[in-house]
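> task: produce atomic coordinates for the following.
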Amino acid sequence: MAKSKDVRITIILECTACVRKGVRVNRLSKGISRYTTQKNRFNTPNPLELRKFCPYCYTHTIHGEIKK
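Residues are numbered from 1 along each chain as shown. Have a look, this model is predicted:
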């Protein structure tokens, strides 16, 4: 049987630089960089931020956790 509250949960990381530029409004870029990963809910209760590569900005930027 599966547990009702899993310790590891799947999260989505989104590029903060693309969101600040207003990619959704201007349509200058083709999209927003997103990554999926897992985190331990009990060890890291705060939103996760990792430095990942964004192919649209073509540089390493901070990707923050978003809600599903």
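> report the central residue of the protein.
By CA atoms, centre = their mean, the chain has its centre lying nearest to residue 13, at 0.8 Å.
> so it touches residue 53, yeah?
No: if you go by CB atoms under 8 Å, residue 13 and residue 53 don't touch, sitting 11.5 Å apart. Where C-beta positions appear, they are placed from N, C-alpha and C, glycine not excepted.
> now do the longest helix seen in the chain: everything it contacts.
Criterion DSSP state H: the longest helix present in the chain is helix 16-21. With contacts defined as CB atoms under 8 Å, 6 or more residues apart in numbering, helix 16-21 is touched by 28-29, 31-33, 54, 56-57, 59, 61-64.
> what's the offset of that helix from the middle of its chain?
Counting by CA atoms, centre = their mean, to the nearest Å, helix 16-21 is centred 12 Å from the centre of its parent chain.
> also stretch 59-68?
From the chain centre to the centre of stretch 59-68 is a distance of 3 Å (CA atoms, centre = their mean).
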